[in-house]
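>>> sequence and predicted structure are below.
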Amino acid sequence: MSGDSAASAPGRSGARPGRPVGRKKPGSRWGRFLESGLLQGGVQGSPVIRLFMRWVRRPLLPVMRLWRRNIQLKVVVTTLLMSLGVVLLLGFVVIGQVRNGLLDAKVKASQSQATGGFAVAKQRADEAASGTGDDVATADGRPAQNVTQWLSDLVSSLSSGGQGAFDVVTLPASDADGAGGRGQRASGEVDWNKSVPADLRERIGSSTTAAQSYTRITYNNEIKDSQPGLVIGKQVNDPNGDPYQLYYLFPLTQEEKSLSLVKGTLATAGLFVVVLLGAIAWLVVRQVVTPVRMAAGIAERLSAGRLQERMKVTGEDDIARLGEAFNKMAQNLQLKISQLEDLSRMQRRFVSDVSHELRTPLTTVRMAADVIHEARADFDPVTARSAELLADQLDRFESLLADLLEISRFDAGAAALEAEPIDLRNVVRRVVSGAEPLAERKGTRIRVLGDQQPVVAEADARRVERVLRNLVVNAVEHGEGKDVVVRLAAAGGAVAVAVRDYGVGLKPGEATRVFSRFWRADPARARTTGGTGLGLSIALEDARLHGGWLQAWGEPGGGSQFRLTLPRTADEPLRGSPIPLEPKDSRRNRGLDDAGLPCGGASGEKRATVPAQPASASAAAAAKRDPIPPRAASATADPTALPGNGARVVPRPASGTRRADEDSGRAGSAENGDTRGSSGTARSGRVGGPAESAENGTVSGSGRTGRDPSGPGAREAGPDEGTAVPGEDAAAPGEGAAVPSGETGLGEANRQGEASRGR
Amino acid sequence: MMSFMKGRVLVVDDDTALAEMLGIVLRGEGFEPSFVADGDKALAAFREAKPDLVLLDLMLPGRDGIEVCRLIRAESGVPIVMLTAKSDTVDVVVGLESGADDYIVKPFKPKELVARIRARLRRSEEPAPEQLAIGDLVIDVAGHSVKRDGQSIALTPLEFDLLVALARKPWQVFTREVLLEQVWGYRHAADTRLVNVHVQRLRSKVEKDPEKPEIVVTVRGVGYKAGPS
């Protein structure tokens, strides 16, 4: 759970710099606090804490999501918090000033009142001292009695001056004198002990000037509540000249009331301001956010294909401009898309029309040619040979036309996938049995590995079969008589079929180019194999239509491997392939370099063949020996099987990616020789099977020189089986050279490229 | 080949060259072809010629091939093989759904065409008297009838063959490829769309609720089998 938020955090902070600064700061801080401080801080602790954190987090998650997703909430909350801060600050300042003003006046008044009082007390004491001078002599106990009485009189007279406005308290100068009779007196039932702070008493005791302090005046009377007050005191002398402390206590009730009134007013006003600001922020943001949300919703609908959606535009402000621009964009998009759709529809129509218009006469020609071909035994040699050529070239023309139409169907986006769950083993079985006659002639054995368990995927059986037929026929044709290994595997969300041969292999860089249209590796090579040059391009398109990959790997002299990876369900993206693109028995994986693999010689050939391989490899290279595993179905997707490693050739690891394949695939250079077998054998297989291909074999005669480039895979074995017609060499001059007459109008490129895939 | 394999073939195609060429090939194989070039006249020609099989081009002047196919199918179960220049699924499926038994994509080889025609005509071999049950249906193989509660259900010969193939081995799941071989006579797997479309058509006739088939049950990822009787 913490990992989840940790993952989202960088993304958020990364997205933030683009946003307005004012909003950014509090938002990110808050978010950081939530995520890192509150929610992650304790996660590293004990399991109990972690559990607690999880428990705390769970109810917070929706809130956090809302926070992340709702800009209105963010702005309103931020505004509320900030205005609350401002109002609080303002309130404190105002209240402080009001309090100071109120107290200053009160203190000044109190001080003058107290000063007057102290003067009166002093004056009374002086008067009493002079007036009682006789009495002192007459009665010894009197003076004390007199002072006590005098003090009481003084207090009552002083306090009577300000009824309720202040109280007067007298205290002995020191606690030691307390017993002397000059006890404490207080007017208005003031609890002198609690009301006069001790430190004030000390201060007054140690000096003769007046001092003041704030206090809380408490009363002995239960009914009267204590109240805040100001106490001003001074040490003065009684008539006997003994010091005592005289205190004036001024209650501040009135001031406190005023102050709390101000406070209340401010708080109410502040609350209103905060709430109103929040509401204003909400309204203002709503004004901005509503169109933005509308734009977002409409953009989503646009991207979902509802191109007629438009924003409502009112007014001429920025939002309206946004709406207008948005609508203009949508309109342009709609225009372009509909143009493209029209174009695609036109192209599809055109392809369909061309297809029909070409095919009907071609059918007639084809049938006529076959009738003539059947009867060729009755003709003179030249006519008979012409009949053969006619029939063969028609085959070639047909498959070329079929492939061209197929590829243009892909280009027009008219290819539709009919996916249903199929077991790829059945497809492989059909393909292998279909390629068997060709393999026999080539002396190749086709082995199938990994077909113990079902390999089921949602796929278009027709297309998958076409792809695999293409790959297998290619492998047999270019396998130089060595074994061809077809392996199946399923893992994760993907299934894969890899076709491995041990033939000439691919040169560096060719692994990506084999999928290019009409591409030929080696134009100088004799075209021993036919093919339209579109086979692998179509196969690649077929794979792509499934959301799958078709990739090639090869090393010069070490053979090649073509791997088809399909997602198990049609709409699932591929993450990896169950089969590594580079086979385990590649030269590099076995620890052999280019020089390490003997080329040409019989022994070398033997070593390169599959069955002999593990033994010889173990003897030759002990380091990274890796014989073919008994079963190809590795349990997990191999890391090297990822698309980034696709289409690789040994000397330059990871050179090409699948994207590169696609690009070069569009480039449409010359590649040839691959489909030929597929469509050819397909046709023959469908109708007559082996019988048909055998017949073709005789037709092709000694086609060693590529005189019969158009022949389907089945015809290639010509040299061994065919009956050589004497005149045919004249018709097909030049070993390995181009066929004399332009067969298809594709001209030189095609003719030169007619050689195989360049091995 | 035995003589009953030969038969009358009505060629409905507006391309005269192709029609003539088809005539040459068909005659060479011992069939008796008759021709019509216009979709509007196709039905009349069909009634007149009473062919054993119809070769029907999909693109015709007047009524198009789909319409012609539907009209013929409405009054006869005679095998119809479409000639089409389009191998796109939509075109093929539309043709098959309108009642065609099989299709062949131009350009085709004569042998291929003849093989298809023979496969469609082969079913007229005399079947042995046989009673089969599938679901609540009773099938009389020799009498070529399917009945539910004594009520007979009209099926084309191809649909009948498909149903019989399933009913003969109710314990077996038939892959589409096997059905193609047994019913259509393809020795190598061709287009499984043929099977899909015809199973749908068969279901629409024999199932009480085609949405929930009980007679022809789909085995996902494998094929079809007969429902329990």
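That came through fine.
>>> what's the domain layout of the chain?
I went with chain A, as the question did not name one. According to automatic domain parsing, chain A is divided into the following domains: A:2-69, A:113-257, A:419-584+A:629-688.
>>> please refer instead to chain B.
For chain B, whose domains are defined here by automatic domain parsing, the residue ranges read B:3-124, B:131-226.
>>> what's the most buried one of those domains?
Per residue and on average, the most neighbours among the domains of chain B fall to domain B:3-124, with a mean of 20 (mean count of other C-beta atoms under 10 Å in any protein chain shown). For every residue, glycine as well, the C-beta is placed using N, CA and C.
>>> so does that one get close to chain A?
Yes: in this structure, domain B:3-124 sits against chain A according to C-beta under 8 Å from any C-beta of the partner chain; the contacting residues are B:15, B:17-18, B:21-22, B:24-25, B:28, B:59, B:83, B:85-86, B:88-90, B:105-112, B:115.
>>> please flag which of the residues you listed sit within helices.
With DSSP state H as the criterion, helices contain B:17-18, B:21-22, B:24-25, B:28, B:89-90, B:110-112, B:115 from among the residues of domain B:3-124 next to chain A.
>>> check these for the minimum pLDDT and say which it is.
For these, the least confidently modelled position is residue B:89, at 69, judged by pLDDT.
>>> low pLDDT regions in the chain?
In the absence of a named chain, this looks at chain A. Residue ranges of chain A with pLDDT under 70: A:1-45, A:131-146, A:161-164, A:174-183, A:521-531, A:591-759.
>>> I was after chain B.
Residue ranges of chain B with pLDDT under 70: B:1-6, B:87-89, B:123-129, B:187-190, B:229.
>>> and the helices in it?
Per DSSP H, chain B carries helices over the ranges B:16-28, B:39-49, B:65-75, B:89-97, B:110-121, B:157-168, B:176-179, B:193-206.
>>> in JSON lines: those helices, plus distance to residue B:134.
Supplementary listing: the helices of chain B in JSON lines, determined by distance: least, C-beta to C-beta, whole Å:
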{"stretch": "helix B:16-28", "distance to residue B:134": "36"}
{"stretch": "helix B:39-49", "distance to residue B:134": "32"}
{"stretch": "helix B:65-75", "distance to residue B:134": "23"}
{"stretch": "helix B:89-97", "distance to residue B:134": "23"}
{"stretch": "helix B:110-121", "distance to residue B:134": "23"}
{"stretch": "helix B:157-168", "distance to residue B:134": "4"}
{"stretch": "helix B:176-179", "distance to residue B:134": "15"}
{"stretch": "helix B:193-206", "distance to residue B:134": "9"}
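>>> so which of the ones you listed gets nearest residue A:89?
When the helices of chain B are compared for distance to residue A:89 using C-beta to C-beta, the nearest one is helix B:89-97, at 74.5 Å.
>>> any idea of the angle that closest one forms with helix B:193-206?
Orientation check (axes from the mean of the first three to the mean of the last three C-alpha atoms, to 10 degrees): helix B:89-97 against helix B:193-206 gives 40 degrees.
>>> contact partners of helix B:89-97?
With C-beta atoms under 8 Å, 6 or more residues apart in numbering or on different chains as the test, helix B:89-97 has contacts from A:416, A:418, B:58, B:65-66, B:69, B:82, B:84, B:86, B:103, B:191, B:193-194, B:197-198, B:200-201.
>>> can you show me the CA trace of that helix as PDB?
The C-alpha coordinates for helix B:89-97 follow below in PDB (Å, rounded to 0.1, in the frame of the first residue of the first chain):
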ATOM      1  CA  THR B  89     -15.100 -12.500 -44.800                       C
ATOM      2  CA  VAL B  90     -18.100 -10.200 -45.200                       C
ATOM      3  CA  ASP B  91     -18.600 -11.200 -48.800                       C
ATOM      4  CA  VAL B  92     -18.100 -14.900 -48.200                       C
ATOM      5  CA  VAL B  93     -20.300 -15.000 -45.100                       C
ATOM      6  CA  VAL B  94     -23.100 -13.000 -46.800                       C
ATOM      7  CA  GLY B  95     -23.000 -15.500 -49.700                       C
ATOM      8  CA  LEU B  96     -23.100 -18.500 -47.400                       C
ATOM      9  CA  GLU B  97     -25.800 -17.000 -45.300                       C
END
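>>> can you tell me the closest non-neighbouring residue to residue B:160?
Closest residue to residue B:160 in three dimensions, ignoring its sequence neighbours and counting by C-beta to C-beta, 6 or more residues apart in numbering or on different chains: residue B:144, at 6.2 Å.
>>> and the gap between the one you found and residue B:153?
Residue B:144 sits at a distance of 12 Å from residue B:153 (criterion: C-beta to C-beta, to the nearest Å).
>>> circling back to that earlier point, can I get the domains of chain B in TSV with distance to residue A:549?
Conversion of the domains of chain B to TSV gives the following (distance: least, C-beta to C-beta, whole Å):
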stretch	distance to residue A:549
domain B:3-124	24
domain B:131-226	23
